[in-house]
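S.K.: Mind folding the following:
(one chain, ligands or ions: 1)
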Amino acid sequence: MVLPQGRTPRKRTGTKENCARSRTSPKENRPKQNWYECELVQQRTTRSRTARVRTGERYYNDRPPVNDDNNGGDIVKEPVCEDGWKLFNRPSGGWCIKVFSDGLIGFGQSQAKCNVYGGTLSGIQNADEISYMNSEMSRLIPGARGSAWVGGARINSCIGKPMGGECGSNTAFHWTDKSATGIDGFLWNDRQPDNYKLLQDCMVLWNAEVPVVWSGGASWTTGRVDDFACDGIVISYICGKKPTLK
Ligand SMILES: [Ca+2]
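M.R.: Numbers count the residues shown, from 1 in each chain. Got it, this is the predicted structure:
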């Protein structure tokens, strides 16, 4: 960058920004090393103003980069989940998920327990998350058959209304965890959501040790969700919370 004439930078500091893990090593003899790649940004202070200058230089290291100015602090922080919680990378950012099964439980009590853990009932971003949730339910639940509360709720304008129109399978519900986005997690079971008796404003995830269970004239496929009455009782609940950055 060309600075205005007569305005000599009095101070230069560099910060390494936009850092990301890179599996492409700048050194061919260490191809498998995890590298961090950053953009070096300098802050140039003149008599009249301070400008942030993107130098275009690339910075590589095999350790998380640390600021080299006096401000200190790591630029790159890794999202970390507590033991027993699994990290997922959602479009909205990292998300830690844990499946619980400690007896029959209602929706309100499940939400309260998730709150105690510093989280909330987890929404579902996609099939990958469902796959993990189901494997955990199978591990935790004796006989591996039952449902878990998840963080999905009927939107206000669809409460008490039959399915259809603006209250379709991709529009009647929303994720309540303030993290999950989109409709990929709306993997509904056969003939669901049905808003049975117009009272099914909550959401559960069904899991069984067999792929399909026939009940009530419908097939219930493991790893699919169902709209469910919020005053119902199920065997499991799934909490989620943001990772900490370390
Ligand atoms: Ca239903």
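S.K.: So, low pLDDT: which residues of this structure?
M.R.: The model of the chain has pLDDT under 70 over residues 1-76.
S.K.: Enumerate the residues of it near the ion.
M.R.: Proximity of the chain to the ion (CB under 5 Å from the ion) is limited to residues 192, 194, 196, 200, 226-227. Every C-beta, even on glycine, is put in place using the N, C-alpha and C of the backbone.
S.K.: From the residues you listed, which land in strands?
M.R.: Residues of these located in strands (DSSP state E): 226-227.
S.K.: Most neighbours among the residues of the chain next to the ion, please name it.
M.R.: Counting neighbours by other CB atoms under 10 Å, Asp227 leads the residues of the chain next to the ion with 25 neighbours.
S.K.: ok, that residue touching Met203?
M.R.: Yes - using CB atoms under 8 Å, Asp227 is in contact with Met203, at 6.0 Å.
S.K.: intersection of neighbour lists for the two?
M.R.: Common contacts of Asp227 and Met203, defined by CB atoms under 8 Å, 6 or more residues apart in numbering, comprise Phe173.
S.K.: what's the helix or strand for Phe88?
M.R.: strand 86-90 (DSSP states H and E).
S.K.: Ok, Ala112 next?
M.R.: Per DSSP H and E, Ala112 falls inside helix 107-116.
S.K.: name the helices or strands packed onto that helix?
M.R.: Counting contacts by 3 or more CB pairs under 8 Å, 6 or more residues apart in numbering; DSSP states H and E, helix 107-116 is packed against strand 120-121, strand 145-154, strand 236-241.
S.K.: So which bits of the strand holding Phe88 are buried?
M.R.: 88, 90 (16 or more other CB atoms under 10 Å).
S.K.: which residues are in contact with it?
M.R.: With CB under 8 Å, 6+ apart as the test, strand 86-90 has contacts from 79-81, 94-98, 125, 128-129, 132, 179-181, 243.
S.K.: contacts for the helix holding Ala112?
M.R.: Helix 107-116 has contacts (CB under 8 Å, 6+ apart) with 100, 105, 120-122, 149, 202, 230-232, 237, 239-241.
S.K.: List the buried residues for that helix?
M.R.: Here helix 107-116 shows 107, 110-111, 113-114 as buried, counting by 16+ other CB under 10 Å.
S.K.: re earlier: which element follows the strand holding Phe88 toward the C-terminus?
M.R.: Next along the chain after strand 86-90, taking DSSP H and E as the criterion, comes strand 93-100.
S.K.: relative to strand 236-241, how tilted is that next one?
M.R.: Angle of strand 93-100 versus strand 236-241, following axes from the mean of the first three to the mean of the last three CA atoms, to 10 degrees, is 150 degrees.
S.K.: Not counting strand 93-100 itself, show me its contacts.
M.R.: Residues external to strand 93-100 that are found in contact with it (CB under 8 Å, 6+ apart): 79, 81-82, 84-89, 110, 113, 117, 119, 122, 125, 129, 132-133, 136-137, 140, 148, 177, 179-180, 236-243.
S.K.: Weed out the non-buried ones from these.
M.R.: 79, 81, 85, 88, 110, 113, 117, 119, 122, 125, 129, 133, 136-137, 140, 148, 177, 179-180, 236-243.
S.K.: mind listing the helices for the protein?
M.R.: Assigned by DSSP state H, the chain shows helices spanning 107-116, 127-140.
S.K.: What separation do you get for Val213 and the ion?
M.R.: According to CB to the ion, to the nearest Å, Val213 stands 15 Å off from the ion.
S.K.: Cool, thanks, signing off.
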